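Trainee: Pasting the sequence and the predicted coordinates here, then a few questions.
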Amino acid sequence: MNIEEKDLVTPVIASGEKLGYVHVGASRRGPLGTGNIDFDSFFGALAKIGFSGPITFESFSSSVVSKDLSNTLGIWRNLWTDNKSMAKSSREYMETKLTKAFS
C-alpha cells in the first residue's frame, strides 16, 4: 500500500469487512516506527472498520539470515541482530498503536 496507494486509510476503509488479514512492515524493513509509514492513521482506519483479524509484522536484517538468502532477497542492511528483541518491540509497538486507535 505504501507504494501503490495514495494513503493507507482509503484502501482499508474501502475493504471494510472483507479485510481479514494485515501484514505490516516499516518502510525501510527495520523496526516499526523507524520509517515513514503513518501507523497512527493506518491503525485508526483498522479501528474504524472494526478489524479483528490477525496482524503480522515482517522485518529483514542481513545479520540473521544466511548470506545466500540475504543476497537472493536483497537484504543488504544489518538493521538488528536479536530476533526476540525485535519481535517483542514490534508486538509492543503494535499493541500501543492499536490500543490508542481502538479506545
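Mentor: Cool, got the structure.
Trainee: the strands in the chain, which residues?
Mentor: With DSSP state E applied, the chain shows strands at 22-24, 55-57, listed in chain order.
Trainee: Pull up the per-residue confidence for Leu72.
Mentor: Residue 72: Thr, not Leu. Predicted confidence (pLDDT) for Thr72: 88.
Trainee: Tabulate the strands of the chain (JSON lines), appending mean pLDDT and distance to Ile49.
Mentor: Bear in mind the C-beta positions are built from the backbone N, C-alpha and C, glycine included. Output for these, formatted as JSON lines (pLDDT from 0 to 100; distance: least, C-beta to C-beta, whole Å):
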{"stretch": "strand 22-24", "mean pLDDT": "96", "distance to Ile49": "11"}
{"stretch": "strand 55-57", "mean pLDDT": "94", "distance to Ile49": "13"}
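Trainee: Figure out which of these is closest to Glu92.
Mentor: Closest approach to Glu92 among the strands of the chain is made by strand 55-57 (11.0 Å; C-beta to C-beta).
Trainee: Please identify the buried residues of the closest one?
Mentor: Ile55, Phe57 (16 or more other C-beta atoms under 10 Å).
Trainee: Tell me which stretches of the protein form helices.
Mentor: When secondary structure is read from DSSP state H, the chain shows helices at 10-15, 39-48, 67-73, 83-102.
Trainee: got the angle between the second one and helix 83-102?
Mentor: Computed by axes from the mean of the first three to the mean of the last three C-alpha atoms, to 10 degrees, the angle separating helix 39-48 from helix 83-102 equals 60 degrees.
Trainee: least reliable of the helices of the chain going by mean pLDDT?
Mentor: Confidence, taken as mean pLDDT, is least for helix 67-73 of the helices of the chain (a mean of 85).
Trainee: Which residues belonging to it are considered buried?
Mentor: Buried residues in helix 67-73, defined by neighbour count with 16+ other C-beta under 10 Å: Ser70.
Trainee: Using PDB, write out the CA atom coordinates for that helix.
Mentor: Taking only C-alpha atoms (Å, rounded to 0.1, in the frame of the first residue of the first chain), the coordinates of helix 67-73 have been written out as PDB:
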ATOM      1  CA  LYS A  67      24.500 -14.800   3.100                       C
ATOM      2  CA  ASP A  68      22.900 -16.700   0.200                       C
ATOM      3  CA  LEU A  69      19.400 -15.800   1.300                       C
ATOM      4  CA  SER A  70      20.400 -12.300   2.000                       C
ATOM      5  CA  ASN A  71      21.800 -11.900  -1.500                       C
ATOM      6  CA  THR A  72      18.800 -13.600  -3.100                       C
ATOM      7  CA  LEU A  73      16.200 -11.400  -1.300                       C
END
